[in-house]
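*Asks:* here are the coordinates; sequence isn't available:
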Ligand code: SF4
């Protein structure tokens, strides 16, 4: 059996996205915020479902800009017109966020436009009624409703995707989310959960070694619970685990575990060569893809089906080059 990879550019994974990032001229001033990363690099691999919540609730193009307004010490934040505070669209944006979260059942992730009072995922500027900025930021109203309604959906801001670690983390979660829904939720069973967990083990280890044990326990004790309880408990724990960012240390640990799995078949010269690359990776001399490529070579030649199927070896489309940066 060859190493199992995630589906290559078939675009079978759909992402929600703020429409202005697609180059759609939907901003308050009739402009857009076209993302070359999304449009040039991601569009070969993912299908996009674009949404502009402000246009969807009936605000025109162009339109008066809106902003978040709150009071010091109070959590409640409203979305109102910058010039016309009576224009309060909070409830409409929240309602639309809930509706869209329920309607977009086929998405496996969502890329949001940062700093927007509607779409911003976090830390959007909040103002006092008198126009002075308040300390802490807040999520945009649409994004907040979306994330509260679909708490396990991978969500990220386009700006943060320029950070290689956050970017790899997001797409690992997106691909795991997609795989879960296509491999388990289409026909849920205890066996489907066990099989799914079996191929995710080293991905889980790379993100959080402690959760590797606790997720294993959830699966091992799964047959004592009703299936829907197991499914919810496992998937919630998995998506929380994958939010942890894999580090050089945890990747090194995971690669060593995989090598250890083949210790009887990988000879000492091959092993030393691999250890040298792992050390160079650990010292930030080479990117992750370098030791991973050699590891995949050994897995291909010496691994059994269990190890060949591990998603850790290719958690997202390799052409995206998400492991190619130092
Ligand atoms: S940030 Fe959101 S609401 Fe604003 S223009 Fe873009 S898609 Fe529309």
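*Replies:* Done, it's in. Only a predicted model underlies this, so the values are computations on that prediction, with no experimental measurement involved.

*Asks:* Pull the distance from the helix ranked longest in the chain to the chain's centre.
*Replies:* Ranked by number of residues, the top helix in the chain under DSSP state H is helix 164-183. Between the centre of helix 164-183 and the centre of its chain there are 5 Å (CA atoms, centre = their mean, to the nearest Å).

*Asks:* okay, the most centrally placed residue in the chain: pLDDT?
*Replies:* Centroid-nearest residue in the chain: residue 170, 2.8 Å away (criterion: CA atoms, centre = their mean). pLDDT, residue 170: 98.

*Asks:* How much space separates it from residue 46?
*Replies:* 12 Å (CB to CB, to the nearest Å). Any C-beta I mention is one placed from the backbone N, CA and C, and that applies to glycine too.

*Asks:* One more: residue 193?
*Replies:* Summarising the geometry, the distance separating residue 193 from residue 46, computed by CB to CB, is 26 Å.

*Asks:* List the contacts of stretch 241-255.
*Replies:* Residues outside stretch 241-255 that contact it (CB atoms under 8 Å, 6 or more residues apart in numbering): 165-166, 168-169, 172-173, 176, 202-209, 211, 215, 278, 281-282, 284, 288, 291-292, 295, 312.

*Asks:* residues in the stretch 1-150 of the chain within reach of the ligand, list them.
*Replies:* Residues of the stretch 1-150 of the chain lying close to the ligand (CB under 6 Å from any ligand atom) are 18-20, 26-27, 52-54, 113, 116, 118-119.

*Asks:* wouldn't residue 206 be in contact with residue 312 here?
*Replies:* Yes - in terms of CB atoms under 8 Å, residue 206 counts as a neighbour of residue 312; the distance is 6.0 Å.

*Asks:* what sits up against stretch 218-226?
*Replies:* Applying CB under 8 Å, 6+ apart, the set of residues contacting stretch 218-226 is 190, 193-194, 197, 230, 233-234, 237.

*Asks:* Span of that stretch from start to end?
*Replies:* With CA to CA, to the nearest Å as the measure, the ends of stretch 218-226 fall 12 Å from one another.

*Asks:* now that stretch, how far from the chain's geometric center?
*Replies:* For stretch 218-226, the distance between its averaged C-alpha position and the chain's averaged C-alpha position is 27 Å (CA atoms, centre = their mean).

*Asks:* ditto for stretch 305-312
*Replies:* Taking CA atoms, centre = their mean, one finds stretch 305-312 lying 21 Å from the centre of the chain it belongs to.

*Asks:* Also compute the angle for the strand or helix carrying residue 48 relative to helix 164-183, please.
*Replies:* Mapping residue 48 onto the secondary structure by DSSP states H and E places it in strand 46-51. The directions of strand 46-51 and helix 164-183 differ by 100 degrees, with axes from the mean of the first three to the mean of the last three CA atoms, to 10 degrees as the criterion.
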